[in-house]
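*Asks:* Kindly return the folded structure for what I paste below:
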Amino acid sequence: MALPKGALIAGGAAAIIVLILVLNMGGGRSKASTMSWSPLPAAPPTSDLLAEMKALQQRVAELEQRLGAKYDRAGRRAERLIAAEEARARVHEESRRAAVLNAPTGGGLLSSGSSEADPGWVVVSSTPAAGPILVARTGAEATPAVAAVSYAHEGPLPAPRPGLVPNASWWSDLQVELPGGLWCPKPPPYAAAKPPLPELKPPADKPKLTRELARKHASPDNMLIATYVNYNRLDFAFTLVKHLVALGQPHYLVGALDDEAGRGLQARGIPTFFMGSGLTTNDYGWGTQNFRQLGLHKVNLVLELAKTGVDCLTVDADAFLLRDPFPYFRNLPTADVLVSSDHLVATNGYSDEGLESNTGFFSAFNIGYIFLRASSLEFVQEWRDTCFKRVNDWDQVLFGSVLKKGMLHGGPDEGGSRLKKLYRTKSGSHLMVGVLPVSLFASGHTHFVSRMAHLMHTTPYMVHTTFQYGGAQGKRHRLREAMMWEDEPGYYAEANFLAYDLDLPWDLVYPNGGDVQADGTVAFEKRTSVEQHFALVHYQLVQLRNALAVAQKLRRFLILPRLVCGLDRWWAPHSGIIPGSAARLPLLDCPADHVIDVERMGKPELVLREHSFLCNPRTPAAVRQSVKHISVIPVGAGDPAAAQAGAELMERLSGEQAKVLHLSSLPDYRAVLSPTEAKAFVDRSKGWAGLWCCNRPPGGRGAGHIWYDLFSDVVPHVDRHNRKWEGPWYPKMGP
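*Replies:* Numbering: from 1, shown residues only. Below you'll find the predicted structure:
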C-alpha cells in the first residue's frame, strides 16, 4: 500500500527534542567588545544537509521494510528539503550582511598597559572565558552563523610554579589574552558571548501543542527541541535558548506552564505553546506536592509529543545543551530510548564517546535528558498511566521500573552499539535502550566535580545542574562559575567591584604529602581528614568574610576567588568522595555551593560575583582595563591601633575610581567596621556559611553533617544556630 504524500509513518522518521525548561532568566542586549575577529560567518557546509538527507532516506527505508508500506518520496518531502536548503542559504546571507554592518571599527585586543602584567601568568582565582564575539540576528529569527573567535595572543599554559597550588583540570592546554590584557586558559566554545533575544509585543493567541505545531518547527528530517517552564524560571529558559541559537539550532519549542510564562516567552520571540497547568508560578521545591504535580505534567507532555509521531529528546531547563545532539542520535538509528544517568563513572574510560556499557544500566536513570522515538509510544503510555496511578511515587523512579519490564538479561546487543533490549511491547518485541555517556551528557557531579569532559579535552553535549546544594540559586551560581549562564549586561558592567589575592598555603591543601599529579590531585590515601578539610576551608572563609566586610564598606561587589576543598560533599556519610564516583581529591575548583549557602543569601548577585567574573566574555574590556592592584599591609583587630589603621585604609580605598580594586591582603572586618556596623554584619552574614556532609555519627545515630562557620577564628562568638563558642572551633556534628 502507499501512504499519502508527506505522511509520517507511525514510529517513523520523526525526531523531536523536548527540552524541559523548568526555570527563569533575563537576557538583555550586550555590546560586543573590540577584538580581533573574523567578520564573516562561515557558510553552512553542504555536507551537513547531505548527511541529514541520507539519514532520512535510511530511516524511511527501514520503516518501509518494517511496515510493509511504501512511502511516496515525491511531493511534500522534496518540497520541504528544497525549502530548508533555501532557508539556510537565505539566513546565511542575512547573517553575513548583518555581521558586516555591525563589525567594530577598531581591530585587535586592547592592552592593559600595566607594568604588573605578566604574559606567562595564569590567573588562578578565575575560570577561563572566551573573548566577546559578534553574532548576527535577522528580526526575531536566531541565525545559525556565529563569527569566529580569534585572539591577539595565545600560547601553551605554563607549568605550575613550585609551591603554588595548581588550577583544576581544563579542557585546553592553551592560554589566551582577553580584551583588557587579562590572560586566561583558553575558553571552551560555549563560553562565547551570545546574541540577545528580541523584545517583542506578545501576540493575543495562546497556541496549544499540536501535531501541526510540532511539525512546523521540526528540522528537515523532522527533529525538534522542546521544553516547558514556569514564570519563576524563565531566566533558565532564556539562557538555554541562547545556547541553542549559538549552536545554530532553531528547531525547538518551549511549553509554558502558566500564562505569565507564555507571555514572557512570546515577548522574547521564543516558539511557545501554553499548557495551563494551574501550578504555582514560584519555585516548586524538590519533593513537595507541587514538585510531584509538576512530574505528572512532564510525563503527560512527553506522551503528547510521542503521539505526534515524532522522536523526542526531553531536557530539563537546567540541563543546558552545549553541543548539537542531533548527529549523536542519528548515529544510533536503532535506538528507541536513550537516557542520561546518575552513574558517576565513565564505564568505558575517557577515550570513548560511545554509550555506557552494561554496568551503566544499574544506576538510576535521569529523566532530565531522555530521547524517545515514536516507536516507544506504548512504553510512554504505560509510564504515564503508572505515574497517575501512583501519584506519591517519583516519576523518575517509575520511568526506570516500567522501562525494565520484560527486559532481556545479559550484555548489550551483538552489534556493538551497547544498546540493550528492555521494555517488552504487547507484540512481543523489545525496545532498544542505551545509557548516554556520563562524561558528555553530564550530571552536576561528573562535570563540575569529577571534571570528566575537561579531562577528555572536549566539550560535553549537555550539563545538568544536579548534585548541587543551593536550590535554584545554587544552580545559577554554578552555571555562572562555568560561564554557561546569561545575565543582563548591567550585571557585568554597572557596579564597581572588589577582588583579592587568596592566600592558599600548599601545606593546607596537601597536608599529608604525596605525589601531586598533573591534574593537581593526590592518591586517595593522601586525602585530607575531616579536621584537615575544615582547617583548609575555614582558612579561606575567614578571608572571604573579611573581603565581604570591605566590599560592604566600599559599596562594591565582591568577586569571589576560586575555592579549594579537601573533601567532596554528599547527602550521606562517605570517606571523602561519593561512593562509586570518579572524583579525585582535592577539589581544586570547588563549587561555591559546597561551602556557601547561596540559597540562604537569597540573591547572591546583590552581594558578590562568581570567581570567573573577570574572565567572562560578557564582562566588558573596559572593566578589565580598569583594575587597580593595591598592596595592603594586613590589619588585625582588637586594639585602637588596628581600628585606626583600618579607618585610614578605608578612607584611602574609598577615593579610588577604578572599576575593580584588587587587594593583596585583607584587613579584619572589626578593623574596618564600627562596632554597630560589625554587629549588623555578623548578624547578616553568619548564616551564609553552608555545611559539609557527612561524617559517620557515633553509634550510627544523629546528625552527621557539620556546619562551616564564617567566624570560626573569633572567640567568643555565636554561630548561625545560636551556639556560643567560648574556645577554639572544632568540627561539631549537627544540628
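*Asks:* Against residue 565, how distant is residue 160?
*Replies:* Distance, residue 160 to residue 565, by Cβ to Cβ, to the nearest Å: 19 Å. (C-beta placed from N, C-alpha, C; glycine too.)
*Asks:* between these two, who's got more neighbours?
*Replies:* Counted by other Cβ atoms under 10 Å, residue 160 and residue 565 do not tie: residue 565 has more neighbours, with 23 against 15.
*Asks:* Excluding residues flanking it in the chain, which one is nearest that one?
*Replies:* Of all residues not flanking residue 565 in the chain, residue 590 sits nearest, at 3.7 Å (Cβ to Cβ, 6 or more residues apart in numbering).
*Asks:* Tell me where the stretch 201-350 of the chain has helices.
*Replies:* 211-216, 234-246, 259-266, 289-307, 326-330 (DSSP state H, counting those that start in this stretch).
*Asks:* tell me which strands and helices the shortest one is in contact with?
*Replies:* Helices and strands touching helix 326-330, by 3 or more Cβ pairs under 8 Å, 6 or more residues apart in numbering; DSSP states H and E, are helix 46-67.
*Asks:* For the helix it packs on, give the mean pLDDT please.
*Replies:* Taken as a whole, helix 46-67 has a mean pLDDT of 55.
*Asks:* looking at the helices of the stretch 201-350 of the chain, which is closest to residue 551?
*Replies:* Taking Cβ to Cβ, helix 234-246 is the member of the helices of the stretch 201-350 of the chain nearest to residue 551, at 24.5 Å.
*Asks:* The closest one to helix 259-266, inter-axis angle?
*Replies:* Taking axes from the mean of the first three to the mean of the last three Cα atoms, to 10 degrees, one finds that helix 234-246 is oriented at 30 degrees with respect to helix 259-266.
*Asks:* CA atoms of helix 234-246 as CSV?
*Replies:* Only the C-alpha atoms of helix 234-246 are listed here, as CSV (Å, rounded to 0.1, in the frame of the first residue of the first chain):
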residue,chain,number,x,y,z
LEU,A,234,12.1,32.0,32.7
ASP,A,235,15.8,33.0,33.0
PHE,A,236,16.8,29.4,32.7
ALA,A,237,14.7,29.1,29.5
PHE,A,238,16.2,32.2,28.0
THR,A,239,19.7,31.0,28.7
LEU,A,240,19.0,27.6,27.3
VAL,A,241,17.5,29.1,24.1
LYS,A,242,20.6,31.4,23.7
HIS,A,243,22.8,28.3,23.7
LEU,A,244,20.6,26.8,21.0
VAL,A,245,20.8,29.9,18.9
ALA,A,246,24.6,29.9,19.3
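*Asks:* what ranges of this protein fall below the confidence cut-off?
*Replies:* Counting by pLDDT under 70, the chain shows low-confidence ranges at 1-149, 284-288, 410-415.
*Asks:* Quick check: phi and psi at the residue nearest in space to the middle of it.
*Replies:* Central residue check for the chain by Cα atoms, centre = their mean: the C-alpha nearest the mean position is that of residue 479, 4.2 Å away. With angles defined as degrees, to the nearest 10, residue 479 sits at phi -70, psi -30.
*Asks:* Kindly provide the distance from the closest residue to it other than its chain neighbours to residue 687.
*Replies:* Closest residue in space to residue 479, ignoring its immediate chain neighbours: residue 485 at 3.9 Å, by Cβ to Cβ, 6+ apart. Using Cβ to Cβ, residue 485 is found at 25 Å from residue 687.
*Asks:* So these two - more neighbours on which side?
*Replies:* residue 485 (23 against 15).
*Asks:* Give me the three-state assignment for that one.
*Replies:* Of the three states, residue 485 takes coil according to DSSP: H, G, I helix; E, B strand; the rest coil.
*Asks:* thought it was touching residue 475?
*Replies:* No. Residue 485 is beyond contact range of residue 475, at 9.1 Å (criterion: Cβ atoms under 8 Å).
*Asks:* ranges for the strands of the stretch 351-500 of the chain?
*Replies:* Applying DSSP state E, counting those that start in this stretch to the stretch 351-500 of the chain gives strands spanning 365-372, 420-424, 430-435, 441-442, 462-464, 497-500.
*Asks:* how long is stretch 195-213 from one end to the other?
*Replies:* The straight-line separation of the ends of stretch 195-213 (Cα to Cα, to the nearest Å) is 25 Å.
*Asks:* Next: stretch 564-571.
*Replies:* Using Cα to Cα, the end-to-end distance of stretch 564-571 comes out at 20 Å.
*Asks:* So what touches it?
*Replies:* For stretch 564-571, contacts defined as Cβ atoms under 8 Å, 6 or more residues apart in numbering pick out 165, 449, 469, 504, 509, 527-528, 530, 532-533, 536-537, 540, 574, 576-578, 581, 583, 585-590, 594-595, 692-694.
*Asks:* What about residue 301, how many residues nearby?
*Replies:* So residue 301, with other Cβ under 10 Å, has 24 neighbours.
*Asks:* Residue 255 and residue 276 touch, don't they?
*Replies:* No. Applying Cβ under 8 Å, one finds residue 255 not in contact with residue 276, separated by 10.1 Å.
*Asks:* between these two, which one's more packed in?
*Replies:* A side-by-side neighbour count of residue 255 and residue 276, using other Cβ under 10 Å, places residue 255 first with 29 against 13.
*Asks:* Enumerate the beta-bridge partners assigned to the more buried one.
*Replies:* When bridges are called by DSSP bridges, residue 255 pairs up with residue 228, residue 273.
*Asks:* wait, what's in contact with it?
*Replies:* By Cβ under 8 Å, 6+ apart, the neighbours of residue 255 are 209, 226-229, 272-275, 301.
*Asks:* Provide the contact partners of stretch 261-273 at residue level.
*Replies:* Stretch 261-273 is contacted from outside by 27, 140-141, 197-203, 206-209, 213, 217, 229-231, 234, 237-238, 241, 252-256, 274, 281, using Cβ under 8 Å, 6+ apart.
*Asks:* Among the residues you listed, name the buried ones.
*Replies:* For these, a burial check counting by 16 or more other Cβ atoms under 10 Å picks out 27, 141, 197, 207, 209, 213, 217, 229-231, 234, 237-238, 241, 252-256, 274, 281.
*Asks:* Next, count neighbours for residue 702.
*Replies:* Neighbours of residue 702 under the rule other Cβ under 10 Å: 10.
*Asks:* actually residue 359, not the one I typed
*Replies:* Neighbour tally, residue 359, other Cβ under 10 Å: 12.
*Asks:* what's near enough to touch it?
*Replies:* 343, 345, 347.
*Asks:* Quick check: residue 155 is in a strand.
*Replies:* Yes. Under three-state DSSP, residue 155 falls within a strand.
*Asks:* Please name the bridge partners of the closest residue to it other than its chain neighbours.
*Replies:* Distance criterion Cβ to Cβ, 6+ apart; nearest residue to residue 155, sequence neighbours excluded, is residue 175 at 6.2 Å. Counting by DSSP bridges, residue 175 is bridged to residue 155, residue 185.
*Asks:* Check the gap between residue 175 and residue 153 for me.
*Replies:* From residue 175 across to residue 153, the span is 9 Å (Cβ to Cβ).
*Asks:* neighbour-wise, which of those two wins?
*Replies:* residue 175 (23 against 13).
*Asks:* Pull the contacting residues for that one.
*Replies:* Residue 175 is in contact with 122, 128, 154-158, 183-186, counting by Cβ under 8 Å, 6+ apart.
*Asks:* want to try CSV for those, with distance to residue 604 and neighbour count as columns?
*Replies:* Output for those, formatted as CSV (distance: Cβ to Cβ, whole Å; neighbours: other Cβ atoms under 10 Å):
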residue, distance to residue 604, neighbour count
122, 26, 19
128, 22, 28
154, 33, 13
155, 35, 15
156, 35, 10
157, 30, 18
158, 33, 13
183, 27, 24
184, 23, 24
185, 25, 22
186, 28, 21
